[in-house]
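> output the structure for:
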Amino acid sequence: MQLNKQLLFSEIRNNENNLVTEEHQISNEYQMNQPRCEVIHIGVVCSGFKSNMYFHTMLKSIYFYRNNPLHFHIMVNKVSEKVLKILFETWAVPQVSVSFYNVNNSVSDVRWVPNSHYSGVYGLLKLVFPKIIPSNITDRIIIIDTDLTFTGDIYELWNIFENFKRKQAIGLVDNQSDYYLGKLFSSPWPALGRGFNTGVILYHLEHLKNANWDKLWVRVAKKTASLFGATRLADQDIINAVIKQNTDLLYHVPCQWNTQLSDHTHSYNCYNNNQIKIVHWNSPKKTNVINKDGNYFRTIYTTFLEFNGNLLRRQLFDCESSPKNNTVMSF
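From the prediction side, this is the model:
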């Protein structure tokens with residue numbers, strides 16, 4: 001753990017110096033060999049002041065490590081659309097495209113779900129990304145919460161899609177608490193073992209279409225809600241219930257791609273034995289969560305919170321033919 005800390009902060013300091021000159025040296029064999037001009041598609045639900053704030057910091061951590069063009073697909077309300085459009089245009093980071101989707105066009109698809117999660121109806125909207133993403137744009141997408149801090153190149157996560165078998169459609173990391181074992185609350189929605197956390201989701205859209213996803217999750221959610229009542233964890237409860245009944249849809253993503261810092265987390269074994277790639281602040285307390293290594297993780301978050309976004313405006317020189325900045329409004 002101590003060695004991982006030293007390596008991570010050394011990398012941040014070194015990269016910060018490199019980014020001032022807008023040069024990024026490719027320092028390892030993996031980066032030399034990756035298809036650096038492949039566009040990575042990222043989906044986010046971002047509606048409200050707190051979501052905008054968390055997204056701002058998370059975006060800097062993604063940019064810091066990325067070596068590929070990015071296309072963000074963001075579900076927004078009118079306020080967040082205005083704020084985020086200014087953010088993307090002000091930073092003007094090359095090879096980044098953005099498509100905005102009005103949440104009001106999708107709320108009706110999930111409003112009927114009995115749900116007691118603090119995020120309300122917005123906590124269910126990740127279920128409809130397979131429906132709203134045009135099939136001619138991409139056949140796969142990484143869906144992420146806004147309360148993440150990246151500590152690695154998102155292309156490594158994207159590349160996991162190459163391991164999916166024909167029926168595998170959803171990539172997830174284990175839930176790192178005892179919630180679905182019934183030790184924290186009685187009668188949780190059903191899940192496979194400890195269940196899976198949906199703060200980071202790999203959606204293989206073509207495989208989901210073959211599985212008739214739009215009808216599948218609705219059917220499972222209606223039946224499960226009639227037996228267990230309202231969801232406590234929004235989309236996560238529903239996706240776990242679907243996987244419980246359709247295990248062939250699941251691809252098991254390594255734990256370091258969603259290191260969870262909830263109030264009752266058991267993530268220590270993950271980050272003590274692996275170089276973490278994503279920190280997930282999935283406690284209602286967010287960065288104020290009580291954790292024995294909390295100060296270390298908060299230092300990572302604060303590093304990006306205070307990082308000058310203008311220093312991330314570097315060109316991917318091998319991808320000159322890729323789109324520069326192309327903000328697309330979709331309603």
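> when you work out contacts or count neighbours from here on, use the C-alpha atoms and nothing else.
Noted.
> okay, buried residues for stretch 202-217 please.
Within stretch 202-217, the residues scored as buried using 16 or more other Cα atoms under 10 Å are Leu202, Tyr203, His204, Leu205, Glu206, His207, Leu208, Lys209, Ala211, Trp213, Asp214, Trp217.
> for the stretch 1-150 of the chain, just list every one of the strands.
40-45, 70-76, 96-102, 140-144, 148-150 (DSSP state E, counting those that start in this stretch).
> direction included, what does the shortest one pair against?
Looking at strand 148-150 with DSSP bridges, its partner strands are strand 278-280 (antiparallel).
> what does the average pLDDT come to for the partner strand?
Averaged across strand 278-280, the pLDDT comes to 97.
> next secondary structure after it?
Using DSSP states H and E, the helix or strand that follows strand 278-280 in sequence is helix 294-305.
> what is that following helix packed up against?
Secondary-structure packing of helix 294-305 (3 or more Cα pairs under 8 Å, 6 or more residues apart in numbering; DSSP states H and E): helix 49-65.
> the helix it packs on vs strand 40-45, what angle?
170 degrees (axes from the mean of the first three to the mean of the last three Cα atoms, to 10 degrees).
> for helix 49-65, which positions count as buried?
51-52, 54-65.
> which two of those residues have the greatest separation?
Across those, no pair lies farther apart than Ser51 and Tyr65, at 21.5 Å, counting by Cα to Cα.
> TSV please, covering the strands of the stretch 1-150 of the chain and showing mean pLDDT, mean neighbour count and distance to Gln168.
Output for the strands of the stretch 1-150 of the chain, formatted as TSV (pLDDT from 0 to 100; neighbours: other Cα atoms under 10 Å; distance: least, Cα to Cα, whole Å):
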stretch	mean pLDDT	mean neighbour count	distance to Gln168
strand 40-45	98	22	18
strand 70-76	98	24	22
strand 96-102	97	21	26
strand 140-144	99	22	12
strand 148-150	98	27	25
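> the ones you listed into JSON lines, with extra columns for distance to Phe164?
Output for the strands of the stretch 1-150 of the chain, formatted as JSON lines (distance: least, Cα to Cα, whole Å):
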{"stretch": "strand 40-45", "distance to Phe164": "17"}
{"stretch": "strand 70-76", "distance to Phe164": "21"}
{"stretch": "strand 96-102", "distance to Phe164": "26"}
{"stretch": "strand 140-144", "distance to Phe164": "11"}
{"stretch": "strand 148-150", "distance to Phe164": "23"}
